[in-house]
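> Quick one: sequence and predicted model below, then my questions.
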Amino acid sequence: MEVKSYPHPRCPNVTLWDLPGVGTPNSPADKYLQHVGFKRYDFFIIIISADRFKENDVKLAQEIQRMGKRFYFVRSKIDCIMRDEEETQSQFNEEKTFIKIRENCIQGLEKQGVDSPKVFLVSSHHYHLYDFCLLQETLERELPAHKRDTLLLALPIVNLEITTKKKEAFQAKVKYIAFSSALTAAVPVPGLSCAVDITMLVTTAINHCRVLLIVHVYLGAEMKSPLALKEISNEVILNLLHVSWFHVASMAAEEGVRLAPLTASAAAAALSFTSTHTALSTFLNMLTEDAHRVLTKALGLHTSV
C-alpha cells in the first residue's frame, strides 16, 4: 500500500495524507517513517477502531516522539462502542463509561511505554459529540503560529465556536485586502480602482462563503444573505454595495486624481480603503450569521444566534 494524498477541497494549502498500516509486509515497523516520508508532515493521527492500540502503533508513536514531532491517538466508532456498553450495562452512565474508555486507552499506552499519550474518542457520524471538538482545539493550539489559521479554515464546522474563530481569522485579513485596494486607488488610471475593488470583493466573498457555509442543501432555508442564496458575481456584489454611492464615489475620486494628483490621490486611497474594509466586514458578518443559523438548526440547538 502506498502513501496517498488528499488535497483539501476548499483550502489548497492543506493536504491530508493516508499512510499505509505500520507493520505490513511493504511497510515494516523499523523502516516505516523513512518509507512514508516522515519529514513532510506537521503531525500524525494514529487511528484504531479495535479494543486497543497494537504494538506496532505504539512503536510508531515512540519513534515519532523520538524525532520530535507531534502525534495523537484517535479511537473511532465510539458511538458504536457506547451503544454496545449501554446494552450490556444494567445501570449505564454515559459520562462515566466514556471517561473509563478513555482512561483505559491511556493506561494501556502508558504501560507499553508511550509518554503522556493524547487520546481522543470520536465518531465519524457525530462530529459535534465526544472528543472531536477537543481534537480540533488541540491541533489548532499545538501547531506553529503561522499554520494555525490555515488549519482553522480547513476544519469542519461542528460548533458555533469554530464558526466564530473562522470569522475572526478572516476579519484579521480584511485590513490587508483593504490596503491593497487603497494602493490601487492611488494610481491615476480612470476606472482601475473600481474594477479592481469589485474583483477583490467577489473573490474574497466566494472564499468566505466556501469556508463558512459548509452545509447540507436541505438547510438552505436557514440562509438569509444574498451571498449564500445566489452565485456570487459582480452584479450581486454591486447590488449589495448599492452601486450609486460606491461607484459614484470611486469615479469621483479617480476624476479628482486627474485634476489634483497629489491631494486627490491620498483622498482616493483613503476612500477605497474605507469602502472596501466596510464592505468586506459587512459581508463577513452576513455569512457568519447564516452559518450560525444553519448550524443551530442542524444540531437542534436552542441557543441564540
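Looks like it came in fine.
> those helices in the stretch 201-305 of the chain, which residues are they?
In the stretch 201-305 of the chain, the helices defined using DSSP state H, counting those that start in this stretch lie at 226-229, 234-241, 243-259, 261-299.
> what's the least confident stretch among the ones you listed?
Sorting the helices of the stretch 201-305 of the chain by mean pLDDT places helix 243-259 lowest, at a mean of 50.
> Could you measure from Val211 over to Ile101?
33 Å (CB to CB, to the nearest Å). (Each C-beta comes from the backbone N, C-alpha and C, glycine too.)
> quick one: which of those two has more around it?
Legend: neighbour count by other CB atoms under 10 Å for Val211 and Ile101, higher for Val211 (22 against 18).
> what sits against that one?
If you count contacts by CB atoms under 8 Å, 6 or more residues apart in numbering, Val211 has them with Arg10, Cys11, Leu153, Lys166, Phe170.
> Can you tell me the closest non-neighbouring residue to it?
Spatially, and ignoring its direct neighbours in sequence, Val211 is nearest to Leu153 (5.2 Å; CB to CB, 6 or more residues apart in numbering).
> Now do the SS call for that neighbour.
Assigned with DSSP: H, G, I helix; E, B strand; the rest coil, Leu153 falls in the helix class.
> What is the neighbour count of it?
Leu153: 21 neighbours (other CB under 10 Å).
> Looks like it contacts Lys166 (just checking).
Yes - proximity of Leu153 to Lys166 meets the contact threshold set by CB atoms under 8 Å, at 6.1 Å.
> Count residues in the vicinity of Asp79, would you?
Neighbours of Asp79 under the rule other CB under 10 Å: 16.
> quick one: contacts for it?
If you count contacts by CB under 8 Å, 6+ apart, then Asp79 has Ser123, His125, His126, Leu129, Tyr130 around it.
> Greatest separation within the residues you listed: which pair is it?
The largest distance within the contacts of Asp79, taken as CB to CB, falls between His125 and Tyr130 and amounts to 10.6 Å.
> The two - which one has more neighbours?
More crowded of His125 and Tyr130, by other CB under 10 Å: Tyr130, with 19 against 9.
> Which parts of this structure are strands?
Along the chain, the stretches classed as strands by DSSP state E are 4-7, 15-18, 43-48, 70-75, 119-121.
> What about Lys54, how many residues nearby?
Lys54 sits with 15 neighbouring residues when counted by other CB under 10 Å.
> Kindly report the same for the one 5 residues further on.
For Lys59, the tally of surrounding residues (other CB under 10 Å) stands at 18.
> so it touches Val22, yeah?
Yes - counting by CB under 8 Å, Lys59 touches Val22, with 7.3 Å between them.
> how about the strands of the chain, which one is nearest Lys147?
Checking the strands of the chain against Lys147 by CB to CB gives strand 43-48 as the closest, at 10.1 Å.
> ok, Lys165 touching Leu152?
Yes - with contact defined as CB under 8 Å, Lys165 counts as touching Leu152 (5.7 Å).
> which neighbours do those two share?
Glu140.
> ok, back up a step: show the buried residues in the contacts of Val211.
Neighbour counting with 16 or more other CB atoms under 10 Å marks Cys11, Leu153, Lys166, Phe170 as buried within those.
> need the contact list for Ile237.
With contacts defined as CB under 8 Å, 6+ apart, the neighbours of Ile237 are Ile198, Leu201, Val202, Ala205.
> And the third one, how far from Glu140?
From Val202 across to Glu140, the span is 29 Å (CB to CB).
> likewise the first one?
Relative to Glu140, Ile198 is positioned 34 Å away (CB to CB).
> The second one too?
Computed with CB to CB, the distance linking Leu201 and Glu140 is 28 Å.
> Got phi/psi on Met67?
Recorded main-chain torsions at Met67 are phi -90, psi 0, according to degrees, to the nearest 10.
> That one against Tyr41, yeah?
No - using CB under 8 Å, Met67 is not in contact with Tyr41, being 10.9 Å away.
> quick one: which of those two has more around it?
A count of neighbours by other CB under 10 Å puts Tyr41 above the other of Met67 and Tyr41, at 17 against 10.
> and the more buried one, what does it touch?
By CB under 8 Å, 6+ apart, the contact set of Tyr41 is Trp17, Lys69.
> what separates it from Glu103, distance-wise?
From Tyr41 across to Glu103, the span is 28 Å (CB to CB).
> same thing with Gln34?
Look at Gln34 and Glu103: by CB to CB, they are 34 Å apart.
> same check, this time on Phe120
Distance, Phe120 to Glu103, by CB to CB: 13 Å.
> shared neighbours, those two?
Here Phe120 and Glu103 share no contacting residue, scored by CB under 8 Å, 6+ apart.
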